[in-house]
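**Q** can't give you the sequence, but here's the structure:
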């Protein structure tokens, strides 16, 4: 028997819990060691819980036990960067509660145990403490995007509240009831026992659930519904970061519904809420691009790049109020596969800025941005291979080649040579010394897939047992082909740089290295096919990497031919121009230079005949390519930097051909029949 003046264990534990709660509620978020204090108190709550659970559960002790468990879990969530998926503490609390009332159960799911509690136990004190835990479980489900489980709980709460109070809560009012605290109510004196009030938990649940509902609508493309839901979320318990993300999603949805100016306004509000909401700034830049506001787009991208460089995550203060321990962003987890709110990659932003400057022919700015981008690869802050959400971002070797393009255009030829040498050196370590590299048609283009255009599709095997092996084999071959294309392009640009520096010998050497490397790739048909040439043609037409290969061959042969012309080796140059046209029959540079060499060799009839044939055969092909250009664009680094044929030069040759036929024809009608259609 305990003496009258002594305290029971239950009383001591209750006082200990109340003391810890009071200490936490008197702490300011400005305290320098706030995290350390929270972690220390979490340990105290766990130790107190262990004391209580050291004894069998009883009806008088179980409400306190579940309250201490509630406080420990709240602090655990508050201290966690990633909320734990382990529900064992909650499950143990439920089971001990049912054991205290002598209930037997077979179910192990928390929802089933909670439902069993409602059916079999009527003690309001116990029900209140069980509710506290199920509300925490809802927060944990929200952190895992399990919105459906949360809605099940809320419907059960609605039905129970309706049966007790005779108030019919409609489905449409359910979330508003959560926001108003009509379903999650604090009991009398609970503020002395709980580190976080149930009303605050309800507001957090409302904000996070509404945010997730709106986000799902955005992903599903239901933008108008998303805007309505997200505007409700913005009225909830929001931190700066969550409010900025809500505004970003509303802005994105507005843009998708044809209201770019409204979208820009929301992006501005997002940045006012949180200057470090980088997705808002990025989406604003994309809207400026859509509106063709080049200056605004480049300014936004440049500002984003500067912010990313100076960003210090450790200084990101994001608290709502001093007494709110759990922040909404701890519960809202956007999938990493989503491009809407995922962190903007610094390399991606730098590349977007450099690329846009290059596309807008701001070559000096593009060159500086590319050099800044390449320098970041050597600072140890970036990996050699990285992944970003946007599949349009090229691989690092392609970024190097784009940098070479920008440097070529601003006449920084020595820098071009240096960058291209680095690419060729790295690629040479990845390529074998094989004399040939075969692309076998029936491996890349199966008979039942002749119309497929992507290598990943044509690599699929009809036999499921060999599917993975076939895909791996094709992926390896594709990667090897990429190495060859990148290395050949680096030789091409080195050759062009040497040519523009007036070093004819080195230019010819690098054009030859480019050609020799490309000629290693042999597209071969199956020996058992009756029409191998048709399949080879189909492969060349449908696989973009093969198109790149043919384009590179054409450019290299043209470049070499022009250098041979400068040396007076016209016949050899003529042969290279013919080879360029074999690789790409629509190459205007090759055709123009071929005609010029024929005229120089005093073979005017051959020049006129060739031009007339070329002009008529390529006009239809050019129109077809223009129609298909939207889906078959070459990458930016495959821009020719040889002397391009101007419209005036092309017309001069056409007029010469017309004059030749007019002069030599006996009848005017014959001349009218033979001259190009554009001059009729």
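**A** Sure, I can see it. Quick caveat: nothing in here was measured; it's all calculated off a predicted structure.
**Q** What mean pLDDT does stretch 396-406 get?
**A** Averaging pLDDT along stretch 396-406 gives 93.
**Q** ok, and what's touching it?
**A** 351, 354-355, 357-358, 363, 366-367, 370-371, 373-374, 377, 384-385, 394, 416, 419-420, 422-423, 426-427, 482, 486, 489-490, 493, 635-637, 639, 641 (CB atoms under 8 Å, 6 or more residues apart in numbering). (Glycine included, C-beta is placed from N, CA and C.)
**Q** Repeat that for stretch 260-267.
**A** Under CB under 8 Å, 6+ apart, the answer for stretch 260-267 is 247-248, 250-255, 280-281, 283-284, 287, 290-291.
**Q** Mind checking which of those residues are in helices?
**A** With helices taken from DSSP state H, the overlap with the contacts of stretch 260-267 comprises 247-248, 250-255, 280-281, 283-284, 287, 290.
**Q** List just the nearest of those to residue 324.
**A** When those are compared for distance to residue 324 (CB to CB), residue 247 wins out at 20.6 Å.
**Q** From residue 511, how far off is the closest one?
**A** 54 Å (CB to CB, to the nearest Å).
**Q** Equivalent analysis for residue 284, please.
**A** Distance from residue 284 to residue 511, by CB to CB: 44 Å.
**Q** Give the next helix or strand downstream of the helix ranked longest in the chain.
**A** In the chain, taking DSSP H as the definition, the longest helix is helix 467-500. Next helix or strand after helix 467-500 toward the C-terminus (DSSP states H and E): helix 504-518.
**Q** and that next one, what does it pack onto?
**A** helix 467-500, helix 544-566 (3 or more CB pairs under 8 Å, 6 or more residues apart in numbering; DSSP states H and E).
**Q** which of those helices has the lowest average pLDDT?
**A** Among the helices and strands packed on helix 504-518, helix 467-500 scores lowest, at a mean of 84.
**Q** Please tell me how far that one is from the chain's geometric centre.
**A** In terms of CA atoms, centre = their mean, to the nearest Å, the centre of helix 467-500 is found 24 Å from the chain centre.
**Q** what angle sits between it and helix 504-518?
**A** Angle of helix 467-500 versus helix 504-518, following axes from the mean of the first three to the mean of the last three CA atoms, to 10 degrees, is 170 degrees.
**Q** can you pull the buried residues of helix 467-500?
**A** By neighbour count on 16 or more other CB atoms under 10 Å, the buried set for helix 467-500 is 470, 474, 477-478, 480-499.
**Q** what's the distance between the helix or strand that contains residue 398 and the middle of its chain?
**A** In this assignment (DSSP H and E), residue 398 forms part of helix 396-409. Its chain's average C-alpha position is 22 Å from that of helix 396-409, according to CA atoms, centre = their mean.
**Q** Give the buried residues for that helix.
**A** 396-409.
**Q** swap in stretch 121-128?
**A** Buried, per 16+ other CB under 10 Å, within stretch 121-128: 121, 123, 126-128.
**Q** Among those, which lie within helices?
**A** Judged by DSSP H, the subset of those located in helices is 126-128.
**Q** I'd like the distance from residue 363 to residue 422, if you could.
**A** Taking CB to CB, one finds residue 363 at 21 Å from residue 422.
**Q** Who has more neighbours out of these two?
**A** Taking other CB atoms under 10 Å, residue 363 and residue 422 do not tie; residue 363 has more neighbours (18 against 14).
**Q** where does the stretch 1-150 of the chain have low pLDDT?
**A** The model of the stretch 1-150 of the chain has pLDDT under 70 over residues 1-5, 28-32, 82-86, 105-108.
**Q** all helices for it, in order.
**A** When assigned using DSSP state H, counting those that start in this stretch, the helices of the stretch 1-150 of the chain occupy the ranges 9-25, 34-52, 62-79, 88-100, 110-120, 124-143, 147-165.
**Q** Which among these is found nearest to residue 434?
**A** helix 124-143 (52.5 Å).
**Q** related to what we said a few turns ago, what helices or strands is the longest helix of the chain leaning on?
**A** Helix 467-500 packs on helix 396-409, helix 413-428, strand 437-440, helix 441-444, helix 455-458, helix 504-518, helix 544-566, going by 3+ CB pairs under 8 Å, 6+ apart.
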